[in-house]
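Participant: Need the 3D shape of this:
(chains A and B)
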Protein chains: 2
Amino acid sequence: MTMTDQSLQSFLDAVASAEPAPGGGSVAALSGALGASLVAMVCRLTIGKKGYESVGAEMQTILPRAGALQRELRDLMQADTDAYARVMDAYKLPKVTDAEKSARTRAVQDALKHASAIPMRVAELCAQVLELARPIAEKGNKNAASDGGVGALMAEAGLRGAAFNVSINLGAINDETFVREHRARVEKLLLDAAQRKNEILQIVEKRL
Amino acid sequence: MTMTDQSLQSFLDAVASAEPAPGGGSVAALSGALGASLVAMVCRLTIGKKGYESVGAEMQTILPRAGALQRELRDLMQADTDAYARVMDAYKLPKVTDAEKSARTRAVQDALKHASAIPMRVAELCAQVLELARPIAEKGNKNAASDGGVGALMAEAGLRGAAFNVSINLGAINDETFVREHRARVEKLLLDAAQRKNEILQIVEKRL
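Facilitator: Now for the predicted structure:
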């Protein structure tokens, strides 16, 4: 059973439990997936509707992209929890002999890099959801303007939450080039997302 | 079957479908419930842990409050969708005779008031989740600092999303006193939440 086959209630309880995973990383991915789902809904409520003929084609191109983002973000919920387990397993490797010590360090560092790549991907996909949310909020069915707004909120919260999880892992990674590059990518994503979210919220407020 | 008995996948697909509900309103309530779940998790990862003896009692009082907020927000996911259906049903009432017209207007206005009370409650509960997230982020297990941060992000996004849904319904309500009072409450909640979220994110960034 994958993480998204379980009921919403089980997932909420699994997050709330004393197990560290699923935690903020998987929730951030879910937040992005929820944002993508809302974008898809507004597309469907716009395509073929009277008064929205001129934006139908644009909505038709956004819809499959939103669906693909929803699926990839959904899969990253499980991937984030698996990546955390891999880090924990690496830390548990034996560290008595010098050979064991260096093998363990290598395994831990590899696992940490993987565990930062997952939320980095979540952040990038959330940025893509925000990109789609912009035309949706602006030109989508006015009756669903608030849904586009909530979609943007979920995508931005997901991106920001994923950024936390990238940072945590970077803090323990020794490869300075990797750390520097990833920090720069995260900063750029955060900056762009904050601006885009604010633009979208202003658009939505005017259309409410 | 209630909304939270369905799988995460079904819920994502139900949001993405051409049905207007569940939409942004239910997603906002879920966002708050996810925030409350993360607050509960950080409590559990702090209580009884070495180095956190001095904050154990405080975490013990936060834990059941987070649980209660998670449950009420979860239930409001369904309530929001039901409230939307009630508004739609009221609009479908007959409006041929004068008596029918005035009965329909009354039913629509009552349904709209109910449909704004639900997201107003969601917004208030999300504000309470943010309140709990503050000491969690500040004093909870440092290893779970990012989880507290994501909890705050989800609570604030939920509050802001719920505020959109309050506004939408207020736009169609004739009772000016009701509208004025609700707008003022929402504005206050939004202002406080933005400030509190920023404080929490700064705390979390320092502890990462």
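Participant: could you say what helices and strands the longest helix seen in chain A packs with?
Facilitator: Longest helix in chain A by number of residues, with DSSP state H as the criterion: helix A:98-139. In terms of contacts (3 or more CB pairs under 8 Å, 6 or more residues apart in numbering or on different chains; DSSP states H and E), helix A:98-139 is packed against helix A:24-44, helix A:56-91, helix A:145-170, helix A:176-207. C-betas here are computed from N, CA, C, even on glycine.
Participant: residue contacts, the residue in chain A sticking out farthest from the centre?
Facilitator: Most distant residue from the mean C-alpha position of chain A: A:Thr97, 40.0 Å away (CA atoms, centre = their mean). By CB atoms under 8 Å, 6 or more residues apart in numbering or on different chains, no residues touch A:Thr97.
Participant: Then A:Pro20?
Facilitator: A:84, B:41, B:45, B:143-144, B:147.
Participant: for A:Arg65, same thing?
Facilitator: By CB under 8 Å, 6+ apart, the residues touching A:Arg65 are A:128, A:132.
Participant: if you set the cut-off to 7 Å instead, what comes out?
Facilitator: With contacts defined as CB atoms under 7 Å, 6 or more residues apart in numbering or on different chains, A:Arg65 is in contact with A:Leu132.
Participant: that older thread, buried subset of the contacts of A:Pro20?
Facilitator: By neighbour count, with 16 or more other CB atoms under 10 Å in any protein chain shown, these hold A:84, B:41, B:45, B:144, B:147 as buried.
Participant: wait, isn't the first one in contact with A:Leu112?
Facilitator: No. Using CB atoms under 7 Å, A:Tyr84 is not in contact with A:Leu112; the gap is 10.5 Å.
Participant: buried ones in stretch A:157-175?
Facilitator: For stretch A:157-175, burial by neighbour count (16+ other CB under 10 Å) applies to A:157-170, A:173.
Participant: go on, stretch A:173-187?
Facilitator: Neighbour counts using 16+ other CB under 10 Å place A:173, A:178-179, A:182, A:186 of stretch A:173-187 among the buried residues.
Participant: need those in JSON lines with distance to A:Lys139 and pLDDT, can you?
Facilitator: Listed next are these as JSON lines, based on distance: CB to CB, whole Å; pLDDT from 0 to 100:
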{"residue": "A:Ile173", "distance to A:Lys139": "42", "pLDDT": "97"}
{"residue": "A:Phe178", "distance to A:Lys139": "40", "pLDDT": "96"}
{"residue": "A:Val179", "distance to A:Lys139": "40", "pLDDT": "97"}
{"residue": "A:His182", "distance to A:Lys139": "35", "pLDDT": "96"}
{"residue": "A:Val186", "distance to A:Lys139": "30", "pLDDT": "97"}
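Participant: Let's have these in TSV, adding distance to chain B.
Facilitator: Below are these laid out as TSV (distance: CB to the nearest CB, whole Å):
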residue	distance to chain B
A:Ile173	13
A:Phe178	17
A:Val179	13
A:His182	14
A:Val186	12
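Participant: And the pLDDT for the residue farthest from the centre of chain A?
Facilitator: For A:Thr97, the model assigns a pLDDT of 98.
Participant: List phi and psi for it.
Facilitator: phi -80, psi 160 (degrees, to the nearest 10).
Participant: again, but for A:Ser7
Facilitator: Torsion angles, degrees, to the nearest 10, at A:Ser7: phi -70, psi 160.
Participant: Report the beta-bridge partner residues of it.
Facilitator: Under DSSP bridges, the beta-bridge partners of A:Ser7 are B:Ser7.
Participant: thinking it is in contact with B:Ser7, fair?
Facilitator: Yes. Using CB under 7 Å, A:Ser7 is in contact with B:Ser7, at 5.8 Å.
Participant: For burial, what's the neighbour tally of A:Glu72?
Facilitator: Neighbours of A:Glu72 under the rule other CB atoms under 10 Å in any protein chain shown: 18.
Participant: For it, give its distance to B:Ala66.
Facilitator: 30 Å (CB to CB, to the nearest Å).
Participant: Over to A:Pro64?
Facilitator: 38 Å.
Participant: Which one's more surrounded, the two?
Facilitator: Neighbours around A:Pro64 and B:Ala66, counted as other CB under 10 Å, are more numerous at B:Ala66. The numbers are 27 against 11.
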